[in-house]
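Asks: I would like to see how this sequence folds:
(2 chains)
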Amino acid sequence: MSVELGAARILVPASIHRGDVIDVRALVEHPMATGLFRDAQGSPIPAHFINDVSVTYGDREAARFVWSSGISRDPFVEFPLVADREAPLTLTWKDNKGGVFTQTVDIKFVT
Amino acid sequence: MSGFSRRLFLHASGLAFLGLAARRLAALARPRSSDDVPWKVQQVLKQLFGDRPVQDGHVQLDVPAVAADGRVVPVMIESDLPMAPDRYVKAVHVLVDNNPDIHLAEFRLTPQIGQAFVSTRIKMRMTSPVRAVVETSDGALWGAAADVRVTVNGCG
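Replies: Next up is the predicted model:
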């Protein structure tokens, strides 16, 4: 089980106009271990999962997700966003072991 | 005489089979009503929302009828409720009846999100109803549920 822990991507449309409701897709590489599985040697794999995701657009929090280990490995999430200003969009994923992973894209309008 | 009863039997069993098949198809295709909530799920709902009732409607829950792999089950939840600054969907909850952790996720939204929509991928231990509950800023609760058949355990 080798995962590049915390490698994250955010995908937004290439051309955005002011006021568009855009589709944001985000993915972070994470094992999302439930703590219920055992490895090949029979020893339990400790729970290790993302439990808090914050979506910040500019200086305001646009959304916050509270997750359990029931979200699939390499968690993916898709949600809309009203692109009403040019500002950075940041997602921060936090896991139950103190890991913090972050990724930012700049929301820019086409002229 | 024996031929007649045999024919009758075949007709009857054929009809019964068709009936069962139709019921099965209907159960897979149609979302279930959120009335028949098991006790353990009622406890979770009570913890989350107190005594506020969850009404049917305004929520569209898209899940596969059959999930080959319980480790990755796509879930899409959409609501036609407004996302205006004064009245909006403040949270979308996902519950899976037969998972070790019934309250799987909560997506807290703001009007900046524009439309009450989230899509993600979840784990499922076994065949189970999946429930989506949408909470508006004024405290109303709307829900939808659908059955997902799972063939490979995704929770351990």
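Asks: what about the nearest residue to B:Asn99 once chain neighbours are set aside, neighbour count?
Replies: Of all residues beyond its chain neighbours, the one nearest B:Asn99 is B:Arg125 (5.3 Å), with distances taken as C-beta to C-beta, 6 or more residues apart in numbering or on different chains. All C-beta atoms are positioned from the backbone trio N, CA, C, and that covers glycine. The tally of other residues near B:Arg125 (other C-beta atoms under 10 Å in any protein chain shown) stands at 19.
Asks: which residues of chain A score low on pLDDT?
Replies: Scanning chain A for pLDDT under 70 picks out the ranges A:1-3.
Asks: can you map out the strands along it?
Replies: Shown for chain A, the strands assigned by DSSP state E span residues A:8-11, A:20-28, A:50-57, A:60-67, A:76-83, A:87-95, A:100-107.
Asks: sheet partners, orientation included, of the last one?
Replies: According to DSSP bridges, strand A:100-107 forms sheet pairs with strand A:87-95 (antiparallel).
Asks: strand A:20-28 and the partner strand, what's the angle between them?
Replies: 30 degrees (axes from the mean of the first three to the mean of the last three C-alpha atoms, to 10 degrees).
Asks: and the gap between the residue nearest to B:Asn99 and A:Leu36?
Replies: When distance is defined by C-beta to C-beta, to the nearest Å, B:Arg125 is 9 Å away from A:Leu36.
Asks: check B:Lys123 too.
Replies: Distance from B:Lys123 to A:Leu36, counting by C-beta to C-beta: 10 Å.
Asks: the bottom helix or strand of chain B by mean pLDDT?
Replies: Least confident element among the helices and strands of chain B, by mean pLDDT, DSSP states H and E: helix B:2-29 (a mean of 60).
Asks: coming back round to it: which one of B:Lys123 and A:Leu36 has more residues nearby?
Replies: B:Lys123 (28 against 15).
Asks: report pLDDT for that one.
Replies: Here, the pLDDT recorded for B:Lys123 equals 94.
Asks: hang on, it packs against A:Thr34?
Replies: Yes - with contact defined as C-beta atoms under 8 Å, B:Lys123 reaches A:Thr34; the gap is 7.4 Å.
Asks: so what sits opposite B:Val118 in the bridge?
Replies: B:Ile77.
Asks: ok, back up a step: for B:Gln42, which of the strands of chain A is the nearest?
Replies: strand A:60-67 (20.8 Å; C-beta to C-beta).
Asks: what residues does the closest one touch?
Replies: Residues outside strand A:60-67 that contact it (C-beta atoms under 8 Å, 6 or more residues apart in numbering or on different chains): A:49-56, A:75, A:77, A:79, A:81, B:104-110, B:112-113.
Asks: now the strands of chain A as JSON lines including mean neighbour count?
Replies: Shown next, in JSON lines, are the strands of chain A (neighbours: other C-beta atoms under 10 Å in any protein chain shown):
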{"stretch": "strand A:8-11", "mean neighbour count": "14"}
{"stretch": "strand A:20-28", "mean neighbour count": "18"}
{"stretch": "strand A:50-57", "mean neighbour count": "20"}
{"stretch": "strand A:60-67", "mean neighbour count": "19"}
{"stretch": "strand A:76-83", "mean neighbour count": "21"}
{"stretch": "strand A:87-95", "mean neighbour count": "19"}
{"stretch": "strand A:100-107", "mean neighbour count": "14"}
